[in-house]
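Trainee: Sharing a sequence plus its predicted fold:
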Amino acid sequence: MNTPADPSDINILVVDDEEDVVEMVSHFLEEAKYKVRKAYDGEEALAKATPDTNLILLDIMLPKLDGIQVCKQLRSRIDTEMIPIIFLTAKTEEEDQIKGLMAGGDNYLMKPVASKVILAHVQTALRLSGIRERQFMELGDLKIYEDEHRATIANMDIGLTETEFSLLLYLVRHPLKAFSRKQLLETIWEDAMMVTERTVDAHIKNLREKLAAFAQHIQTVRGVGYRFSPDLEASE
């Protein structure tokens, strides 16, 4: 069973003896919201590979212990044997690829490789290991988790009802587009014929109260209805 996780809860260890490579890879992983640890030789890699490590990007040509030895030792340890390991190396010979995979590597990427390709392999390896990243929309501290039908501010659930969540999600999905109360009724409410347009106003009011500082993003469009503007900065 896959476990949903925020990228910010996922720890990735990047191991390479070239500092610029470590910094470059770490940079785009951190941009994708992952937590990154860094190691520059084989012994440091073994020390920093802890049970809460979710994935390792590992070079082969390392000082002290090479990547193949590191991989074998990690696979022999109970606390690290299941961590996905992706070799990221300049060694391109078929024999090296076979050695890496036979040592316990889950994948083998040859430098140079585009950051998007590395990210795709990282996400695939995490998913195969049982970690499914939560999909959410983010606006500062406001996060909207579509699959989970909830929203948080500063990681605190704001307790939206099903209708409030559907209303927020619909507006957010169509930024800057103004919707009339009738359009929102017909889209969000299954029994639209049984409720009045004032129902929309009441739900918008409740939604704004729960959104607190982010309420200003839901704007009233005079003579029309409501729209969501993502470009404002929420303020207390």
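Mentor: Sure, I can see it. All figures in this text were calculated on a predicted structure; none of them were measured in a lab.
Trainee: Can you give me the buried ones in stretch 42-60?
Mentor: 42, 44-46, 48-49, 53-60 (16 or more other C-beta atoms under 10 Å). All C-beta spots, glycine's among them, are computed from the backbone N, C-alpha and C.
Trainee: Correction: the previous question concerned stretch 191-211.
Mentor: 199-200, 203-204, 207, 210-211.
Trainee: Show me the helices in this structure, by range?
Mentor: In the chain, the helices defined using DSSP state H lie at 19-31, 42-48, 67-76, 94-102, 115-128, 162-173, 181-188, 198-211.
Trainee: JSON lines for those, including mean pLDDT and distance to residue 141?
Mentor: Formatted as JSON lines, the helices of the chain follow (pLDDT from 0 to 100; distance: least, C-beta to C-beta, whole Å):
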{"stretch": "helix 19-31", "mean pLDDT": "94", "distance to residue 141": "18"}
{"stretch": "helix 42-48", "mean pLDDT": "96", "distance to residue 141": "30"}
{"stretch": "helix 67-76", "mean pLDDT": "95", "distance to residue 141": "36"}
{"stretch": "helix 94-102", "mean pLDDT": "91", "distance to residue 141": "41"}
{"stretch": "helix 115-128", "mean pLDDT": "91", "distance to residue 141": "24"}
{"stretch": "helix 162-173", "mean pLDDT": "92", "distance to residue 141": "15"}
{"stretch": "helix 181-188", "mean pLDDT": "91", "distance to residue 141": "25"}
{"stretch": "helix 198-211", "mean pLDDT": "94", "distance to residue 141": "11"}
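Trainee: Out of the ones you listed, which is closest to residue 224?
Mentor: In terms of C-beta to C-beta, the element of those nearest to residue 224 is helix 181-188, at 8.7 Å.
Trainee: ok and the closest one relative to helix 162-173, angle-wise?
Mentor: Computed by axes from the mean of the first three to the mean of the last three C-alpha atoms, to 10 degrees, the angle separating helix 181-188 from helix 162-173 equals 110 degrees.
Trainee: So what's the residue count around residue 71?
Mentor: 26 (other C-beta atoms under 10 Å).
Trainee: I'd like the distance between the nearest residue to it once chain neighbours are set aside and residue 69.
Mentor: What sits nearest to residue 71 in space, not counting adjacent residues and going by C-beta to C-beta, 6 or more residues apart in numbering, is residue 103, at 4.3 Å. Applying C-beta to C-beta, to the nearest Å, the value for residue 103 to residue 69 is 8 Å.
Trainee: okay, the closest residue to residue 141 other than its chain neighbours: pLDDT?
Mentor: Leaving aside its sequence neighbours, residue 141 sits nearest to residue 154 (C-beta to C-beta, 6+ apart; 4.5 Å). Residue 154 carries a pLDDT score of 89 in this model.
Trainee: Tell me, how many residues neighbour residue 154?
Mentor: The burial count for residue 154: 10, using other C-beta under 10 Å.
Trainee: do you know how far it is from residue 35?
Mentor: Going from residue 154 to residue 35 by C-beta to C-beta gives 18 Å.
Trainee: Residue 171 and residue 179, how far apart?
Mentor: Going from residue 171 to residue 179 by C-beta to C-beta gives 7 Å.
Trainee: Please identify every residue contacting each of the two.
Mentor: 226-227 (C-beta atoms under 8 Å, 6 or more residues apart in numbering).
Trainee: hang on, the earlier thing: right, so of the helices of the chain, which gets closest to residue 10?
Mentor: Nearest of those (C-beta to C-beta): helix 115-128, 6.7 Å.
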